[in-house]
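Fold the following, please.
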Amino acid sequence: MAKGSEYSTEEVLALVGEIPTFPKAVAHLMKQLKDPDSSLEDISFTISGDPGLCAQVLRIANSPLYRAGFSAPTTLSIPRAVQLLGRKIIESAVLSYALRGMLRHSSLAERLLWEHAVACAVIAGDLMRLMGSKNVETAYVCGLLHDVGKTVMCLRFPEAMHAILEDQYNRCPDEDAIISSVSMEKESLGIDHGRIGALCLNVWQCGEEAVVACAYHHRPKDAKGRSVWPAVVRIADILCHKMEYGSIRRPMLDLGPLERALRLNRAQMAQCLGRWRTRIQETLQTFS
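So this is what the prediction gives:
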């Protein structure tokens, strides 16, 4: 196969091997969350059967992210937590739990992947809020999962992927020194994380929005007219580079073009950056 070519599903599977699977409870819960006929009681029952999911849902329900009006955490039952959070937030929590579980090791590369995923999710969700959209949780999921292909590649090709991520991280944070992950992955492994990630998300039934955002977030113009999510995730991705969440650090990046696109002045953008940083740190702490 030529490097950088468009691969069929069979060719990707031949290169990557078996797609990692979610834990049974997570896979079952994802089906329930997508099924309009499943009740909150059904969802609560599934969560209650997995100690890790129980702890995660209760931690989120009691966190400042969703209980900002309370001075101290309140002991919640799983049914009450599920009712409080709702399906979309539960879905975000479950996917965060599953993604975090794939990154078991404490290497720099995997820590960077996790921090970048959370940061991109938080920013993507808030961008939708700024635009007056109600699709905040969909944007969060798209941001969270956009680089899941890198996670899978770290599992399958740990030495090569860790070298790519650490090389990016150790480069001088100068705009001219940036080499995209896609280019480095294709050069080293013959395929990029967008293609692998989109296939995984399709297998895991994470929704068309997340699949398209993952596949096209490095080339959102190719998805124009089909989906807005690649563009939203790409903007969040760039802002993560500015804020130094992930392997690519560009603190001197000029945000003027984004400020104009988002109709924000410099002071408003600075306010957003501060709010996002606080929210990102809160979210990382919640999932720690």
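
Can you show me the strands along the chain?
Applying DSSP state E to the chain gives no strands.

give me the low-pLDDT residue ranges for it?
Scanning the chain for pLDDT under 70 picks out 1-9, 65, 67-75, 104-106, 172-179.

hey, which helix is longest across it?
Ranked by residue count and defined by DSSP state H, the top helix of the chain is helix 78-102.

Tell me which residues are up against it.
20, 22-23, 26, 29-30, 33, 40-41, 43-44, 47-48, 52-54, 56-58, 60-61, 66, 76, 114, 117-118, 121, 137-138, 140-141, 144-145, 148, 151-152, 155, 206, 287 (CB atoms under 8 Å, 6 or more residues apart in numbering). To be clear about C-beta, it is placed using only N, CA and C from the backbone, and glycine gets the same treatment.

which ones among these are found in helices?
26, 29-30, 33, 40-41, 43-44, 47-48, 52-54, 56-58, 60-61, 114, 117-118, 121, 137-138, 140-141, 144-145, 148, 151-152, 155.

Narrow those residues to just the buried residues.
Buried members of the ones in helices among the contacts of helix 78-102, counted by 16 or more other CB atoms under 10 Å: 26, 29-30, 33, 43-44, 47-48, 53-54, 56-58, 60-61, 114, 117-118, 121, 137-138, 140-141, 144-145, 148, 151-152, 155.

and the angle from the longest helix of the chain to helix 51-61?
Between helix 78-102 and helix 51-61, the angle comes out at 110 degrees (axes from the mean of the first three to the mean of the last three CA atoms, to 10 degrees).

can you give me the angle helix 78-102 makes with helix 148-156?
60 degrees.

tell me how far helix 78-102 is from the chain's mean position?
Centroid displacement of helix 78-102 relative to its chain, using CA atoms, centre = their mean, to the nearest Å, is 14 Å.

Please report how far the closest residue to Val26 other than its chain neighbours lies from Leu127.
What sits nearest to Val26 in space, not counting adjacent residues and going by CB to CB, 6 or more residues apart in numbering, is Ala98, at 4.9 Å. Distance of Ala98 to Leu127, computed by CB to CB, to the nearest Å: 24 Å.

Give me the most central residue, this structure.
Leu144 (1.1 Å; CA atoms, centre = their mean).

Pretty sure that residue sits against Val118.
Yes - assessed by CB atoms under 8 Å, Leu144 is found in contact with Val118 at 7.1 Å.

one step back: any idea how far the residue nearest to Val26 lies from Leu112?
Shown here: Ala98 relative to Leu112, a distance of 19 Å by CB to CB.

who has more neighbours, those two?
Taking Ala98 and Leu112 together and counting by other CB atoms under 10 Å, Ala98 has the greater number of neighbours (25 against 21).

The more buried one and Lys134, how far apart?
As judged by CB to CB, Ala98 and Lys134 stand 25 Å apart.

Next: Ala27.
Taking CB to CB as the measure, Ala27 falls 27 Å from Lys134.

and if you look at Ser44?
25 Å.

Can you get me a residue count around the spatially closest residue to Met128 that is not a sequence neighbour?
In space, and not counting its chain neighbours, Met128 is closest to Ala139: 4.4 Å by CB to CB, 6+ apart. A total of 28 residues lie near Ala139 under the criterion other CB under 10 Å.

Then Asp254?
10.

do the same with Ser39
Ser39 is flanked by 10 other residues according to other CB under 10 Å.

ok, now Ala14?
For Ala14, using other CB under 10 Å, the count is 11.

The one 5 residues further on too?
The local packing of Ile19 (other CB under 10 Å) involves 16 other residues.

Next: the one 5 residues further on.
Summarising burial for Lys24: neighbours were counted as other CB under 10 Å, giving 11.

can you start the count at 480 instead of 1 from here on
All set: I'll call the first residue 480, so the last point we hit is now Lys503.

Could you tell me how far it is located from Ala534?
From Lys503 to Ala534 the distance is 17 Å (CB to CB).

Excluding chain neighbours, give the residue nearest to Cys663 in space.
Slight slip there: residue 663 is Met, not Cys. Leaving aside its chain neighbours, Met663 sits nearest to Ile643 (4.8 Å; criterion: CB to CB, 6+ apart).

That neighbour against Ser660, yeah?
Yes - at 6.8 Å, Ile643 and Ser660 qualify as touching, with contact defined as CB under 8 Å.

and Val495, what does it touch?
With contact taken as CB under 8 Å, 6+ apart, Val495 is in contact with Val631, Met632, Arg635, Ile670, Ile675.
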